[in-house]
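1. pasting the sequence and the predicted model now:
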Amino acid sequence: MNRGRITRKSTKKLHRTSASPMREVWQHIRASKTALFGIGIILLFGFCALIHPLLMHTVWHPRLYDPVTGYDSFSSWYALGIYDAVHPAPPSWYWTPQFLSSWRTGQISLGECLAHIARHPLGTDPIGRDILSQLMYSTRAEFILGLLTAIITVSIGTIVGTAAAYYAGWVDTFFMRLADLLMLFPGIPFLIVLSAMMDLNLVNLAIVLGILSGFGSITIIIKAQALAVKSHAYVEAARLAGGSRLWVVRKHLIPHVLPLSFLYMLFTVTAAIGTEATLSFFGLLNVGCSWGLMIHTMSASGYLASSIRYWWLWLPAGLAITLFCAAFYLIGRSLEQVVHSQRQEG
């Protein structure tokens, strides 16, 4: 009975201690302007992802604005200069060199110009699809890919890393050697080969990236942090109070490595988005629309060499990739101070 009472009292006290690291993370996020700026960018992208279906059902006509099947033939002809006697120059949608020439000669009016700018604010791609609609639609795919990859990576890395630190022995040896092996794996070449062997869509890519990253370097990093936590007196006190190994790992080791796990979760999102953009640029992913695929469309249509002239074909997508990755990176960098302080305390 005494042992049971000691265990329950120790559980309540130590549970409050275990919850403090995540409270410290949240407090630091609220106090960091860098983290708040990153969160603001993420919320902006989240708003774009949520409002796109509403626009498609209320304002935009699917024939013109569907990110995959939409088509505005007049815009694509004029923007890229592929018009002739059969397809005469229609009213422009953007400030292209062809438009300026036609405006000066009086072929089109300022009213027509403003109407078509409002119709396609960021222009269209080489086959007439609205770039703004593609950007907003692709945001959902990037969120799904990044978050799913990060959740799989952190779940595997946290569980395996803490287990290897606490149980040691053959468990530690096996997972550390597996991590060393995966760290030697050439990631992009492996995914290129894998895309030829299976249908590599966003979900499959997230699972593959999550497994490779989860059993890779993050396991070693989480294990090192868990070893530092394991040496604390309250962990030994919990074990002596009657807590099982699984209970100690779940209640004390995992909560205290969560700030570090959360930090690497943010960096994993950045890596996943960059990987998707690279594979989509080479046309190796089975996706309807993504930021990387938008740049691939420009390259496949032969306009990469004239990227300065046709800047609207790549700049919006490239800027979206940069800002989205930078947002998670900024939040992660702001949390390094929390992790560093916890290591010093350990």
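-> Perfect, I can see it now.
2. domain boundaries for the protein, per the record?
-> Under the assignment automatic domain parsing, the domains of the chain span 2-72+126-345, 73-119.
3. residue contacts, A233?
-> Contact partners of A233, counting by C-beta atoms under 8 Å, 6 or more residues apart in numbering, are absent. No exception for glycine: its C-beta is placed from N, CA and C like everyone else's.
4. run through this structure and note the low-pLDDT ranges.
-> 1-25, 73-118, 234-236, 238-245, 252, 337-346 (pLDDT under 70).
5. for it, what's the longest helix?
-> helix 131-167 (DSSP state H).
6. gap between T268 and L178?
-> Per C-beta to C-beta, to the nearest Å, T268 is found 18 Å from L178.
7. more neighbours: those two, which one.
-> T268 (27 against 14; other C-beta atoms under 10 Å).
8. contact partners for that one?
-> Contacts of T268 (C-beta under 8 Å, 6+ apart): G146, T149, A150, T153, V154, L209, S213, I218.
9. isn't the fifth one up against F267?
-> By that I understand V154. No - contact criterion C-beta atoms under 8 Å: V154 and F267 do not qualify, at 10.4 Å.
10. shared neighbours, these two?
-> With contacts defined as C-beta under 8 Å, 6+ apart, no residue is shared by V154 and F267.
11. nearest residue to S213 in space, please, no chain neighbours.
-> T153 (4.2 Å; C-beta to C-beta, 6 or more residues apart in numbering).
12. ok, that neighbour to L330 distance?
-> From T153 to L330 the distance is 19 Å (C-beta to C-beta).
13. quick one, which of the two is more surrounded?
-> More neighbours surround T153 than the other of T153 and L330, with 29 against 22 (other C-beta under 10 Å).
14. wouldn't that one be in contact with F267 here?
-> No - using C-beta under 8 Å, T153 makes no contact with F267, being 9.5 Å away.
15. for F47, what are its contacts?
-> Per C-beta under 8 Å, 6+ apart, neighbours of F47: none.
16. what about the residue nearest to R140 when sequence neighbours are not counted, which helix or strand?
-> Here the nearest residue to R140 in space, its sequence neighbours aside, is A49; by C-beta to C-beta, 6+ apart that works out to 4.4 Å. For A49, the element it lies in under DSSP states H and E is helix 33-58.
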